[in-house]
Every structure is written in C-alpha cells, then in structure tokens.
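**Q** Quick one, what's the 3D model for this:
(chains A and B)
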Amino acid sequence: MIPEIVARLQQKHRTMRYPKAAPPPMPDRFRGRPVVHKTRCVAGCNNACEAACPTGALSASTPKTIDLGKCLFCPECAAACPHQAISYSDNYQLAARERTDLVVSRERDEIEAKGAALDEALRKLLGRSLKLRQVSAGGCNACEADSNVLTTVGWDLSRFGIKFVASPRHADGLLVTGPVSQNMALALKKTYDAVSDPRIVIAVGTCAISGGVFADRPEVCNGASSVVPVDLYIPGCPPHPLTILDGLLRLIGRIG
Amino acid sequence: MSTFSTDFVRLTNGQSVALDSVPVLDLERFHASIVAGVRGGCRVSALFGAASPQPDATRLYAVLADDDQNLLLAAAADVTGDAYPSLTRQCAQVHMFEREIAEQFGLRPEGHPWLKPVRYRRSWTDRDVWQRSADETILPAVGDFYRVDGEQVHEVAVGPVHAGVIEPGHFRFQCYGETVFHLEIALGYQHRGIEETLLGGPDARTIHLIETLAGDTSVAHATAYCQVSEALAGCAATARGQALRGIALELERMATHIGDIGALSGDVAYLPTASFCGRIRGDVLNMTALLCGSRFGRGLVRPGGVGFDADAERMAELRRRLDACEKDARVAIELLWRTSSAVVRFEEVGAVPRAIAVELGLVGPAARATGLARDIRRDQPSGIFNTAQIPVATCKTGDVYARAYVRWLEIQHAIAFIREQINALPEGAARTPVTACVSERFAVALVEGLRGEVCHVAVTDASGRFTRYKVVDASFHNWPGLAYALRDEEISDFPICNKSFNLSYCGHDL
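**A** Model (predicted):
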C-alpha cells in the first residue's frame, strides 16, 4: 500500500475544475470553428478552398455558410486560399441539437453556441444521471478514444452523473461514432431497440453526422441519423474531448 | 543472396520501380518463389489482386520483406478463370490474403483450409466465390464457424457490440468448461471501402481516407502514404520534415502503449496504474496536438514533409512536457511491475511460441514479445530511421507479460529518440512541393506503426492515377495471433489477452 500512496502523491490530484473554473487550455494550433475574413475573401477567385475541401463543407454555391457537420477541421482550405482569408478560431463549442444548426455563418463575429439543451421533461429525467452505451459503427477509433478519455481522472465524467455502461439495457441512450458502415447498421438498430424509452442518441464526430470523408460510399450509411433519430450532434474529426464534454453538459443543462 | 530472389524485382522501402519491371511469372513459379522466400526467412508483407492487362485474368502481386538484406522483393502472376491452387497449406502467412483475394476478386483458392469472407462485402467483379446472388444481402459473421462437438462442450459468442468503448467484432469461443479449445474471430463490421475509394486518386479526399484507416495510427499510415507519393513522384521529403514525422510517430506509439499498459492493469483490477496511465496517455496526445493542433496528428504528415513546422520555442515546450511525462509514466508503470499480485496475472497467459509467430507472420510488439527482433525501423529503415536508430525491444516468453513489457521498453526508447531529435532537428524547410505521380509505376512503403508493420503498395496507370492501392495494417497479420494465444486458456483471460494485442478493427476492415 505504501508504494501506491507515494505514487499517488507524485501523480497529484488531476481532476480539472471545469465547468466551475475556466476550461483547460487548448493547444495554440487547435482548429476550432473555421471562420472567413470578410474583406480578404474576394468574389471571383478560383474557389481554391472549395477544390481543397475533401467533404464539400465549403461550397461556392453557399458563399456565406460552412457545414460543420461535414467539416473535418483539416488544414487544407486555409492552406489553399491564396488570400489567407480562412482561419480557425479557438471556438470549441460546436455541438447542436438540430442538423441544420451545424450550417453556420462563416463570419468570425457571428459565432454563437446553438441551443443544445434537452427539453424540460427529459432534463428532469436524465439531467443528473445519464447512462450511455457507446456504439462504434465504422468509427476509426479516434472519436471512440476521445470520448473514452472523458472517463479518465483528468476529466472525470462521472462527477456529472454521466457514465458509459456495458449494456444498452442499462442505458438511457447511445453515443454513436463512425459513418455507420452497412455491416454495423443492423447492430446499431438492434442496440437502439434494446434501450428503453425515453432514449436519446448522440452522434459524435463528422462521420457520425454526415458520413464525413466516407459520405456517399455504398459501404456506409452517411451517419447515425440514417438509422436512428439523433438528439445531439457533436462535430469534429475527432472532436476535442472538451467539445464532447461541452455538448454533453449543455444537453443535460449543466451549463448554459 | 539466395536463389529465389532472382525471380523478384528488388526494391528498398519507399522506392518505386517501373511497373513493367515487376516480373510476371507463371503461377506455379510465383507460388514456388513465395514459398522459397518464406523458407529463406522472408515475410509476406502483401499479397493482393489487381486488374490484369490480359483478358479474363486477375493479376496477383506479392511483396516479400527480406529483413536480413533490407530489401523488398516483388513479383506478379496472372490467374485466368475463377480459381487457382491455394498456397495456404504450404505457407500459413498467406491464409488471410487468399481469403481477401477471394472476396475482392471472386477467385477461389482451391484447397484453402478455411475459405470464408474477410469483410463480408460484395466482390469487385461479377464473380462470387460463395455463389451469393446479386440481390442477396450479405450480413457480417453469418456463415459456418469452426465448431467443437461434445456433451460438455459449449459455445460462447461475443459481439459485435462489446461492453467497453471499443470497435465492433465478433468472437466465437469453443469451450470445455472454462477452457477455450478454439477461438474464431469474425470481423468486417468496420468496413468502409477505403481501398475502393482510393482508386483513381490521389485527390482531395485521399490523405483524409489514409488518416482514418486506423484513427490511433494516423501518423504511421500517413507517413507510409507520403513515402509512396514521394516515391511515385521521384521526390524526397525534407530532412526536417522527416525528423518531425519521426517525432510524431514515436508520440503515437507512446500514447497507445501507455494506454495499453493502463488498460491491462485495469483488467486485473490494479487501479492505480490504470488511472494514472489513462491520464498520462492524454498528456502524450496533447504533445501531438502541440505540434499540429490535433491529438491524433491529423494534418501533420503531408507529401514532401510535414504541414506544421516547429520553432525552437515549441520544441522546448515539447521537451519540457516530455520530461514531465517520462517521470509520471515511470512512476505509474514501475508501480505495476513491483506489484507481484498483478504481474502474476500476466505471466504464462496467452503465450505464443516464437515458431508460431514466425509461421503466422506476426509483426510489431506481438512478434517482439516472442523474442523475434523484427522492427521496420531497424530492418527496413526509411525517413529519419535511415540515420537515427532505435533499439529493438524484445522479450522471450511471448505471453501477456512479455507483450506488456515490450511496450514499456518501447515507451522508454521512444522518449530517448524524441529527445535526441529535438536536440538535433535539421535546419531548412519542413515541407517541399511534390510533383504528380509518374505513370505506370509500382511503389512500396513500410512504416513500423505502434502495432507493427504498416504496408502500402501503389500501382499507377498511364495517367499517374492509382489503379490499385493496397493497405496492409499490422492488425491484418496479428489477429490470427490473438486467436492462437487463446488456445487452452481460461476464457476469463480473454480480456487481458485481447488488450495485450490491442489490435485495430478498422485497420483490418479498411
């Protein structure tokens, strides 16, 4: 027991104070919500950003908006723009209840977190105890890993009453990752059916929202909502753990 | 040089050759050469089908790794019709490759001992080895499983959806009481059609498909892809870019190895190491994010070098974090080794003998745990590993303990390597432009990812587009090793055996 206590003292208390205190610092190169510099983005350029975008999140046909549900938060569009008009903000609050709310303005000064809270009745039921079954349906293990990291001592997800459980029978909802491969569509549906009502579904990562880089391939279903109804979308490839936690806490009404 | 190698064209890692210099042998000679190569100590790094210029034929390509000579050997053969004699009975390493070719091209390997689909998808051709009609739904893991019969024998089926936060797969155990006679693993649930999507590339999607082949191995796969791209274009990445790729590759290895040791510790209910390592793993991922903004190295490795340079200040910060991480990891992990009641749970469990590891063609920590000094960074070096060496970490016993301990050795070697690279980071640009792929070339790149060898092979057409892009993740070689490790073990030891391999599902399923 003595070596364990000595080790514990060396490792220190590590659980973050967030949300009571400021969130943990993000890396300076963190790519949060992409924004376009109004004056630098000139009409009639060669649309290099659109050509560089692997998923069509940026489109010349919708010059005012960007689809965070398709965005991989990759550096390609910013690198391709000849006028350095595109950059990434440190805005990590990306989650939204509605798919349409992920289509956002490109302007920096119009960043606002979309409503993500459950309705009053559900919040009363799940707000202090939310048990989730994770289903990886073609996920590459990055979204899975950064969801799972929330259970480690640094983030300590269970202090919010949120836990990943071993069976859908014990769960209040599913946390789905991956584009939903054809080979996982049935398993996802059956897992959903095994969760008793009322139940929620959280789609984590660009693949689970829109199919991501695999969109429109015959081997995948273009995201969780093609198989089950989705209550919360958390964009990113993968989303930073803070983005996931922010989404979950806003969903259960722990933060505004 | 042994005689078999005369039948092959020789390459080194990250090199391309003209497609017509890859000898097209007749099938019998092709098979005999593979068998001779494997008997001579080579490994089958890749064996795959592709379109053939001959009518009604499929071209098979083989890439053998001759680790003693630091050479790669490639050859091809045309198969006409819809069947050919199987090689699996003479060379167990090709077992899964022949099943994959059967599934993708509808070619039946006659005499294959266990011909089942790999990923449960439709064939790329209009032939189907299992005579499934075009309107029949193909469901994963549906079909015959190896079965033991007897009054006291029972079957345990697990998955695809597991209890933990992990990827899906189906495990079928044949048990006699608590003892596992046989484990059969059925995968394919994660199949996203990546090889199919890569055809006709490179394009804007390509690098992102590569980075998501196996999410925790993004840097290794992206490095292999970039080496293939550079080989096809006849360019080289900058020295600084190669060093930064090496740093990111070792951070990737450290992160997962630390997580694995923590997970093993948690599975035998020794929670201090489990909870310390869970956090330390995150610190390592944050070091990767310090380099490129992404905890999984997304956006970092790009053809010609790296997409993000690092100035002296950033490198100093990396070194400071590395020092702190080393101290934390040492305390957390040595605590486990000193706790005999935990270590005894790892010893003599899930042992794979060295001879079996050779026969199955295991790679990475799973191979090195059996005493095989097999490591691409030393045997087939490329990039920074041409000039900077990392010791090959081995153990002898091939059990769960050995696989865990090899990881701890590799974590320490990775830290020393990264520190060395920070101190001697080459000057110059981080990235240089890479021209388009040259037409009708054949390129191979190997990278030692955290689970072992990652192999990418590209074949280009007359306009320099991919007519075939083959990916072999380390897990493709190692899943049969896990199945073997369970023989005659207690079924309750499956979790620690599984975690000691920590194989990728999506890397296998593609």
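**Q** Count the residues that sit near residue 143.
**A** By default, I'm working from chain A. 31 (other C-beta atoms under 10 Å in any protein chain shown). Placement of C-beta: from N, CA and C, glycine included.
**Q** ah, I was thinking of chain B
**A** By the measure other C-beta under 10 Å, the count of residues near B:Gly143 is 12.
**Q** How confident was the prediction at it?
**A** With respect to pLDDT, B:Gly143 has a value of 89.
**Q** Equivalent analysis for B:Met1, please.
**A** For B:Met1, the model assigns a pLDDT of 46.
**Q** Might one say that A:Phe164 is in contact with A:Leu130?
**A** No - in this structure, A:Phe164 is not within contact of A:Leu130 by C-beta atoms under 8 Å, at 10.3 Å.
**Q** quick one, which of the two is more surrounded?
**A** Set A:Phe164 next to A:Leu130 and count neighbours by other C-beta under 10 Å: A:Leu130 wins out with 22 against 19.
**Q** pLDDT at that one, what is it?
**A** pLDDT, A:Leu130: 95.
**Q** residue contacts, the closest residue to it other than its chain neighbours?
**A** Counting by C-beta to C-beta, 6 or more residues apart in numbering or on different chains, the nearest residue to A:Leu130 once its immediate chain neighbours are dropped is A:Ile162, at 4.7 Å. Counting by C-beta atoms under 8 Å, 6 or more residues apart in numbering or on different chains, A:Ile162 makes contact with A:Leu130, A:Lys131, A:Leu132, A:Leu150, A:Leu248, A:Ile252.
**Q** Could you dump those into TSV and include secondary structure and distance to B:Ala393?
**A** Converted to TSV, those look like this (DSSP: H, G, I helix; E, B strand; the rest coil; distance: C-beta to C-beta, whole Å):
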residue	secondary structure	distance to B:Ala393
A:Leu130	strand	42
A:Lys131	strand	40
A:Leu132	strand	38
A:Leu150	helix	31
A:Leu248	helix	39
A:Ile252	coil	45
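**Q** Buried only: go through those for me.
**A** With burial judged by 16 or more other C-beta atoms under 10 Å in any protein chain shown, the buried subset of the contacts of A:Ile162 is A:Leu130, A:Lys131, A:Leu132, A:Leu150, A:Leu248, A:Ile252.
**Q** May I ask you to confirm that the fifth one is in contact with A:Phe160?
**A** Yes - counting by C-beta under 8 Å, A:Leu248 sits close enough to A:Phe160 to count as a contact (7.4 Å).
**Q** between the two, what contacts are shared?
**A** With C-beta under 8 Å, 6+ apart, A:Leu248 and A:Phe160 have common neighbours A:Leu130.
**Q** coming back round to it: now the residue nearest to A:Leu130: phi and psi?
**A** phi -100, psi 130 (degrees, to the nearest 10).
**Q** Return the distance of it relative to A:Asp172.
**A** Distance, A:Ile162 to A:Asp172, using C-beta to C-beta, to the nearest Å: 10 Å.
**Q** Could you name every residue contacting both of these two?
**A** Contacts common to A:Ile162 and A:Asp172, judged by C-beta under 8 Å, 6+ apart, are A:Leu130, A:Lys131, A:Leu132.
**Q** need the contact list for the first one.
**A** Meaning A:Leu130. A:Phe160, A:Gly161, A:Ile162, A:Lys163, A:Asp172, A:Gly173, A:Leu248, A:Ile252.
**Q** those strands in the stretch 1-150 of chain B, which residues are they?
**A** Here the stretch 1-150 of chain B has its strands, by DSSP state E, counting those that start in this stretch, at B:9-11, B:15-18, B:24-25, B:43-51, B:57-66, B:71-80, B:83-85, B:108-110.
**Q** And these: which comes nearest chain A?
**A** strand B:43-51 (18.2 Å; C-beta to the nearest C-beta).
**Q** Only C-alpha atoms, please: export the closest one in PDB.
**A** Extracted in PDB, the C-alpha atoms of strand B:43-51 (Å, rounded to 0.1, in the frame of the first residue of the first chain):
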ATOM      1  CA  ARG B  43       7.900 -12.400 -44.600                       C
ATOM      2  CA  VAL B  44       4.900 -11.900 -46.800                       C
ATOM      3  CA  SER B  45       4.200  -8.200 -46.400                       C
ATOM      4  CA  ALA B  46       1.500  -8.100 -49.000                       C
ATOM      5  CA  LEU B  47      -0.300 -10.400 -51.500                       C
ATOM      6  CA  PHE B  48      -3.100  -8.900 -53.400                       C
ATOM      7  CA  GLY B  49      -5.100  -8.900 -56.600                       C
ATOM      8  CA  ALA B  50      -5.400  -6.200 -59.200                       C
ATOM      9  CA  ALA B  51      -6.700  -5.800 -62.700                       C
END
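**Q** any idea how far the most centrally placed residue in chain A lies from A:Cys140?
**A** Against the mean C-alpha coordinate of chain A, by C-alpha atoms, centre = their mean, the closest residue is A:Ile234 at 2.4 Å. Distance, A:Ile234 to A:Cys140, by C-beta to C-beta: 16 Å.
**Q** now do B:Ile280
**A** From B:Ile280 to A:Cys140 the distance is 23 Å (C-beta to C-beta).
**Q** Pull the number of nearby residues for residue 200.
**A** No chain was given, so I picked chain A. Neighbours of A:Ile200 using other C-beta under 10 Å come to 21.
**Q** Sorry, I should have been clearer: chain B.
**A** 14.
**Q** Same check on B:Trp337?
**A** 16.
**Q** Excluding covalently adjacent residues, which one is nearest to it?
**A** Of all residues not flanking B:Trp337 in the chain, B:Val343 sits nearest, at 6.3 Å (C-beta to C-beta, 6+ apart).
**Q** hang on, the earlier thing: distance to A:Tyr88 added to the buried ones among the contacts of A:Ile162, as TSV?
**A** Formatted as TSV, the buried ones among the contacts of A:Ile162 follow (distance: C-beta to C-beta, whole Å):
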residue	distance to A:Tyr88
A:Leu130	30
A:Lys131	34
A:Leu132	29
A:Leu150	23
A:Leu248	23
A:Ile252	28
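**Q** If we only consider these, which is nearest to B:Thr58?
**A** A:Leu132 (45.7 Å; C-beta to C-beta).
**Q** Burial check on the closest residue to the closest one other than its chain neighbours, number of neighbours?
**A** Counting by C-beta to C-beta, 6+ apart, A:Leu175 is the residue found nearest to A:Leu132 once chain neighbours are left out, at 4.7 Å. Burial measure for A:Leu175: 27 neighbouring residues, criterion other C-beta under 10 Å.
**Q** show me the contacts for A:Ile244.
**A** A:Ala95, A:Asp146, A:Ser147, A:Leu150, A:Val204, A:Ile234, A:Gly236.
**Q** Using a markdown table, lay out those residues together with pLDDT.
**A** Shown next, in a markdown table, are these (pLDDT from 0 to 100):
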| residue | pLDDT |
| --- | --- |
| A:Ala95 | 92 |
| A:Asp146 | 95 |
| A:Ser147 | 95 |
| A:Leu150 | 96 |
| A:Val204 | 97 |
| A:Ile234 | 96 |
| A:Gly236 | 96 |
